[in-house]
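**Student:** just the structure for this:
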Amino acid sequence: MRVLLADDEPVALDRLELALAGIPSASLAARARNGREALRLMQELRPDIAVLDIQMPGMDGLQVAEMLKAGSHVPEIVFVTAYQEHAVRAFDLHAVDYLLKPVDFDRFREALRRAQSRLHARAADARLLELQELLARVREQGETRLDTPYERELWAKTRDGLQRIPVDAIDYIAAEGDYVMIHAGQRSYLLKDTIVSLQARLDPKRFLRIHRSTIVQAKSIRSLQRRSLRGVALILLDGTRLAVGPSFVNEMTEAVHARRWRASDADS
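**Tutor:** Predicted structure coming up:
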């Protein structure tokens, strides 16, 4: 299979080419440094797969894909970007794959394997229709995000790719060294992130920092209990018990309108 790589960052482009070199069944069709060059090379060289960075000057990867027309050559598209929010519906649609920078070599290999399988299974017109549906969803998601600066979903790496975690489904988040554990219903996901970073990206009206290592979603709280003279614990709807750090008690109780639990009252 012949693969076109497009990225405006030389280091990122070199990394993609290095990843491609480790796949015996794949060969490099061309490299492009911007969207217009990528579109021209796609039309001239007719690669089987195009790996497109979403963020490129002049014409980004999404715009390149939008330029594909019925009757023209339509390769399988794999989007690459450094921004997690662009993941939107790629896995839900199964129309293309989606990779986060820095691209993991094993994920890149899996993305090309999936693209190759789809290449043999579908005609060009079918690929174009599915790609257009994906682009419409991406654009719609982008417009929706203008309404709020906060995350609507998180993405966790799994053995099969990436798992979308809607923030509405999250019960609480706990620090795990250099990672965080996302607890959502009966499932838990390990994410390379920090409590401080997530606190800044999650809506503070919905997600409360209750400890230096814990964030909880307010709607998941069932009750509050005293742990000691000054200590407070939260009981979640599923029975999980979480300690509230002393320095977070006042802010937490104000947020859930439990004013009688303020630290000043805990001494009485």
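**Student:** now do the contacts for A38.
**Tutor:** In this structure, A38 makes contact with L4, A6, A32, A50, L52, M56, M59, G61, V64, judged by C-beta atoms under 8 Å, 6 or more residues apart in numbering. Every C-beta, even on glycine, is put in place using the N, C-alpha and C of the backbone.
**Student:** can I assume it sits in a helix?
**Tutor:** Yes. A38 forms part of a helix when assessed by DSSP: H, G, I helix; E, B strand; the rest coil.
**Student:** measure it to P149 for me?
**Tutor:** A38 is 31 Å from P149, where distance means C-beta to C-beta, to the nearest Å.
**Student:** is R31 bridged to anything, and to what?
**Tutor:** L5 (DSSP bridges).
**Student:** brain fart, T214
**Tutor:** A174, H211.
**Student:** can you tell me which residues contact it?
**Tutor:** Y172, I173, A174, A175, I195, L242, A243, G245.
**Student:** greatest separation within the contacts of A38: which pair is it?
**Tutor:** L4 and M59 (14.4 Å; C-beta to C-beta).
**Student:** between the two, who's got more neighbours?
**Tutor:** For L4 and M59, the more surrounded residue by other C-beta atoms under 10 Å is L4, and the numbers stand at 23 against 17.
**Student:** check contacts around that one.
**Tutor:** So L4 contacts 29-32, 38, 41-42, 45, 47, 49-51, 75 (C-beta under 8 Å, 6+ apart).
**Student:** on that earlier part again, now, which of the contacts of A38 sits nearest S220?
**Tutor:** Looking across these and measuring by C-beta to C-beta, the closest to S220 is G61, at 37.0 Å.
**Student:** which residue packs closest to the closest one, ignoring adjacent ones?
**Tutor:** L52 (3.4 Å; C-beta to C-beta, 6 or more residues apart in numbering).
**Student:** same thing with M67?
**Tutor:** L39 (5.5 Å).
**Student:** the one you found contacts M59, correct?
**Tutor:** Yes. Here L39 reaches M59: they are 7.0 Å apart, a contact under C-beta atoms under 8 Å.
**Student:** give me the common contacts of those two.
**Tutor:** Joint contacts of L39 and M59 (C-beta under 8 Å, 6+ apart) are M67.
**Student:** need the next SSE after the helix or strand bottoming out on mean pLDDT in the chain, C-terminal direction.
**Tutor:** Scoring the helices and strands of the chain by mean pLDDT, DSSP states H and E places helix 90-93 at the bottom, with a mean of 40. Scanning forward in sequence from helix 90-93 by DSSP states H and E, the next helix or strand is strand 97-100.
**Student:** for that following strand, packing partners?
**Tutor:** strand 76-81, helix 90-93, helix 105-121, strand 161-166 (3 or more C-beta pairs under 8 Å, 6 or more residues apart in numbering; DSSP states H and E).
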